[in-house]
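> got a sequence here, can you build the structure:
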Amino acid sequence: MNYNSGDILQDCLLSVLRSTVSSEIIVVDNCSIDHSLDVIEEYRIFSSVKLIRNPRNLGFSAAVNKGAKSSVGEYLLILNPDCVVSPHALKHMALHLQQNSEAGVVGGLVFDFWGVEQAGCRRNDPSLRRSIGKFANDWLPMLRLDSINMTNQVLPDTPLAVDAVSGSFFMARRETFNVVGGMDEGYFLHFEDLDFCRKVRESGSTVMFLARACAFHQKGGAGRVTSLQIARYKHVGFNRYFNKYPADGVFSRNMIVLLSKVMFWAQWINCFARHTLPMNEREQAKVPASLVSGRSQVLVLGGRCDVGEFLLPRLSACGYDVIATSRTPERCPNIPRVQWINPDYFGKAPKSDYPLFDRMICLLPLWELQRYSEVLTRSNLSGVLVFSSSSVLSKSNSKEPKEKQVVSALIKGETWLVELMHKNGVVASILRPTMIYGGRHNRNVNRIKKIGRTLGILPMVKGGVGKRQPVHADDISELCVTVLSNHERIDLPGTTLVAGGEVLSYGQMVTRVIQHTVGQPRIMGASARLLRFIGLLLSRLPGQKDVSAEMVNRIQQDLVYPGHAKLANSGFCPRRFYP
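Sure, this is the predicted structure:
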């Protein structure tokens, strides 16, 4: 069903055509006024698509029923135009219906365009308690009350019988669809899927959730519909549903009426607090076409960091298609050819639907890499570039328990990776950079800058003669691109130390940082004992857990190590220290 879906309709249709099963494609248009239908009429690849134009917007249910009557297949796939399906999804759904005669509807695992499981793809029937739980969870997610949505439950490994699935992406047996009379056209938008699934179960068939069948769905991406209009449709749909299936008891029914009004006005207030632009005019995630395209790409784990800040634009400029992970993809910059995705996607999506990539760069803390063991064992993976840290050397003799744990975790991570990659015949290159500076996220040089701005003076152990060789994040990113582009000529097996282009004392480094921050440096000499005590106090403060007395001891130690000969043929020429 299409209504002013814009360019996203083309991505939706292409994903269906790439599916591993043949299908009859019918687009029912609810009187769109945008250019979304142009692709069907202009491109030969869509010549087999049947187009039904409605004279006015009939609503979702009526459009679905009209399309179902015009189709001839045994199974009906109901798909929103702002969905992109994985290549194997339709095959898994159709196969399940073929092998399980009691199943009337099967729904799949639906992700948003950031790769996060979307609330609603596996659901319980609405009730007073569950509706209150959903409303509370929407406003205070940390409550995790019993709700309509089952998103917080463990993802099942096998098909699961549920009360309802998402109306944006499900497959129904035609016989079942006809028995229940199709979708209730009294619903214009929202709650029609819950009603339909309930009718299917009441007819004696089951509603199944199949995690192996995946799709991406951009809520609100279709139709020039404002948040206020959506709130109105939800309110009307909520009331219609509970009028058809009333709660038990007068008190519960009265509470449902009250809850409906509270939810409606809360949504209106939220809409006014934000804005009332049409949903598809807001800044949203890119269509994740790269995740289902079948073309090989570069995977960057942990792209939202100092090195990633420089690396991703460089990869994009060199013509690489990139998939980059971040826990907060919605906060990441929009870079051409770069698709941001939440790493939870790799924990939930079936391995067969992972995007294709032949090279991987890991910017995550090394001990987090083991969570991606299935990603690392992909058969088409030809090389892995992973970042460890020179802390393996600089903190090897530390007496601080936390620093010992870090060193131990780094060494174990390096050993684990080398053994795994050797077992799979893949070259694993491990880079150990010295102190990284130049980005917004590092905690070393930026902490010195912050102290200088705040206090105007920086206490330091007298002398500060320990040597340092900090390396700029952009120099590291340039090295990564060079290795990636010339992997046949540049081979970096095992561990490689990566250092900056200038050796200077800790005191010189701090002085230069302060000069570039507040001008004339004002550095106050202090005893090591006093600074260790200050470090102990700071370590108790929130967000300062990495501060320790051992940091003071290292001020007088040389943390410069011989450069690695393996970088000689890479053209690596790092800059001098310019904070």
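
> what residues are up against the residue nearest to the spatial centre of the chain?
Among the residues of the chain, the one closest to the centroid is residue 342, at 1.6 Å (CA atoms, centre = their mean). Contact analysis of residue 342 by CB atoms under 8 Å, 6 or more residues apart in numbering lists 114, 115, 116, 325, 326, 327, 329. Quick note: C-beta positions are derived from backbone N, CA and C, even for glycine.

> before we move on, what SS does the first one have?
So the one you mean is residue 114. State at residue 114, reduced to three classes by DSSP: H, G, I helix; E, B strand; the rest coil: coil.

> gap between it and residue 557?
When distance is defined by CB to CB, to the nearest Å, residue 114 is 43 Å away from residue 557.

> for the second one, same thing?
For residue 115, the distance to residue 557 equals 43 Å [CB to CB].

> looking at those two, which one has more neighbours?
A direct count of neighbours by other CB atoms under 10 Å for residue 115 and residue 557 places residue 115 higher, at 25 against 14.

> hang on, the earlier thing: looking at the contacts of residue 342, state which has the most neighbours.
Highest count within the contacts of residue 342 by other CB under 10 Å belongs to residue 325, 27 neighbours.

> so what pairs up with that one in the strands?
residue 341 (DSSP bridges).

> I'd like the numbering to begin with 48 instead of 1 from here.
In the new numbering, first residue 48, that becomes residue 372.

> mind pulling up the pLDDT for it?
On the pLDDT scale, residue 372 is placed at 95.

> what do you get for residue 579?
On the pLDDT scale, residue 579 gets 69.

> how is this structure divided into domains?
Domains of the chain are assigned by automatic domain parsing as 55-272, 341-617.

> end-to-end on the first one?
End-to-end distance of domain 55-272 (CA to CA, to the nearest Å): 15 Å.

> okay, buried residues for stretch 278-293 please.
Neighbour counts over stretch 278-293 (16 or more other CB atoms under 10 Å) mark 278, 279, 280, 281, 282, 283, 284, 285, 286, 287, 288, 289 as buried.

> surely the second one is within a strand?
Looking back up the chat, that one is residue 279. No. Per three-state DSSP, residue 279 lies outside any strand segment and is helix.

> residues in contact with the closest residue in space to it that isn't next to it in sequence?
Leaving out its chain neighbours, the residue that sits closest to residue 279 by CB to CB, 6 or more residues apart in numbering is residue 311, at 7.9 Å. Contacts for residue 311 (CB under 8 Å, 6+ apart) come out as 278, 279, 281, 282.

> same check, this time on residue 317
residue 274.

> I'd assumed it was in a strand, is it?
No. Judged by three-state DSSP, residue 317 forms no part of a strand; its state is helix.

> only alpha carbons, please: show the helix or strand containing residue 420 as CSV.
Assigned by DSSP states H and E, residue 420 belongs to helix 420-423. Extracted C-alpha coordinates of helix 420-423, given in CSV (Å, rounded to 0.1, in the frame of the first residue of the first chain):
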residue,chain,number,x,y,z
SER,A,420,32.9,-13.9,16.4
GLU,A,421,30.3,-14.9,13.8
VAL,A,422,31.0,-11.8,11.8
LEU,A,423,34.8,-12.6,11.9
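
> show me which positions of that helix end up buried.
For helix 420-423, by 16+ other CB under 10 Å, it's 422, 423.

> quick one: name whatever helix or strand follows it.
Counting by DSSP H and E, what follows helix 420-423 is strand 430-434.

> sheet partners, orientation included, of that following strand?
strand 404-409 (parallel), strand 474-480 (parallel).

> returning to that earlier point: any chance of CSV for the buried residues of stretch 278-293, columns distance to residue 583?
Formatted as CSV, the buried residues of stretch 278-293 follow (distance: CB to CB, whole Å):
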residue, distance to residue 583
278, 53
279, 58
280, 58
281, 54
282, 57
283, 61
284, 59
285, 56
286, 61
287, 63
288, 60
289, 60
